[in-house]
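Undergrad: Dropping the sequence and predicted coords here.
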Amino acid sequence: MPTDLSELERQSQKALVDFLRAELKLAYTFREISQGTRDSSHRAKLLENVRKAASTIRHFEGRITDKAERQALNEAVEELEALLSADKNQ
């Protein structure tokens, strides 16, 4: 069990980044599934889940201390949001 504050911070950052990466992966999976769904109600729910995931990532990304990691997540969410915008226009 870590007692060093810097080790706790490192573990906390790793957990945060792992969580946000998983959230991002899930969002892309939901979006991909929505592309093959004919049921408009189901598609709308999937896309709402994608929006929620993007919002969650946006909420927590500022807590990431590693600038490169934060930038990579930010770019991935921007791409996801652009895809959502394109989906909206279909």
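TA: Thanks, I have it. Residues are numbered from 1 along each chain as shown.

Undergrad: could you give me the average pLDDT of stretch 53-72?
TA: When pLDDT is averaged over stretch 53-72, the result is 97.

Undergrad: Any regions of the protein where pLDDT drops low?
TA: Low-confidence segments of the chain (pLDDT under 70): 1-3, 89-90.

Undergrad: Just want the most central residue of it.
TA: The residue lying closest to the centre of the chain (C-alpha atoms, centre = their mean) is residue 24, at 3.0 Å.

Undergrad: I'd like to know how far that residue sits from residue 36.
TA: In this structure, residue 24 and residue 36 are 20 Å apart, going by C-beta to C-beta, to the nearest Å. C-betas here are computed from N, CA, C, even on glycine.

Undergrad: which residues does residue 5 contact?
TA: For residue 5, the set of contacting residues under the criterion of C-beta atoms under 8 Å, 6 or more residues apart in numbering is empty.

Undergrad: Now do it against residue 26, distance only.
TA: Remark: distance between residue 5 and residue 26 (C-beta to C-beta) = 31 Å.

Undergrad: and what of residue 88?
TA: According to C-beta to C-beta, residue 88 and residue 26 sit 20 Å apart.

Undergrad: do residue 58 as well
TA: In this view, residue 58 and residue 26 are 15 Å apart by C-beta to C-beta.

Undergrad: try residue 46
TA: 11 Å.

Undergrad: Residue 57 too?
TA: Counting by C-beta to C-beta, the gap from residue 57 to residue 26 is 10 Å.

Undergrad: more crowded one of these two?
TA: residue 57 (21 against 13; other C-beta atoms under 10 Å).

Undergrad: Could you export the helix or strand hosting that one as PDB, keeping only the C-alpha atoms?
TA: When elements are assigned from DSSP states H and E, residue 57 belongs to helix 40-61. Extracted C-alpha coordinates of helix 40-61, given in PDB (Å, rounded to 0.1, in the frame of the first residue of the first chain):
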ATOM      1  CA  SER A  40     -34.300   5.300 -34.800                       C
ATOM      2  CA  SER A  41     -35.200   5.100 -31.100                       C
ATOM      3  CA  HIS A  42     -32.300   2.800 -30.300                       C
ATOM      4  CA  ARG A  43     -30.000   4.800 -32.400                       C
ATOM      5  CA  ALA A  44     -31.000   8.000 -30.600                       C
ATOM      6  CA  LYS A  45     -30.200   6.300 -27.200                       C
ATOM      7  CA  LEU A  46     -26.800   5.100 -28.400                       C
ATOM      8  CA  LEU A  47     -25.900   8.600 -29.700                       C
ATOM      9  CA  GLU A  48     -27.100  10.100 -26.400                       C
ATOM     10  CA  ASN A  49     -24.700   7.700 -24.600                       C
ATOM     11  CA  VAL A  50     -21.900   8.900 -26.900                       C
ATOM     12  CA  ARG A  51     -22.700  12.500 -26.000                       C
ATOM     13  CA  LYS A  52     -22.700  11.700 -22.300                       C
ATOM     14  CA  ALA A  53     -19.300  10.000 -22.600                       C
ATOM     15  CA  ALA A  54     -17.900  13.000 -24.400                       C
ATOM     16  CA  SER A  55     -19.200  15.200 -21.700                       C
ATOM     17  CA  THR A  56     -17.800  13.100 -19.000                       C
ATOM     18  CA  ILE A  57     -14.400  13.200 -20.600                       C
ATOM     19  CA  ARG A  58     -14.600  16.900 -21.100                       C
ATOM     20  CA  HIS A  59     -15.500  17.300 -17.400                       C
ATOM     21  CA  PHE A  60     -12.500  15.300 -16.100                       C
ATOM     22  CA  GLU A  61      -9.800  16.000 -18.800                       C
END
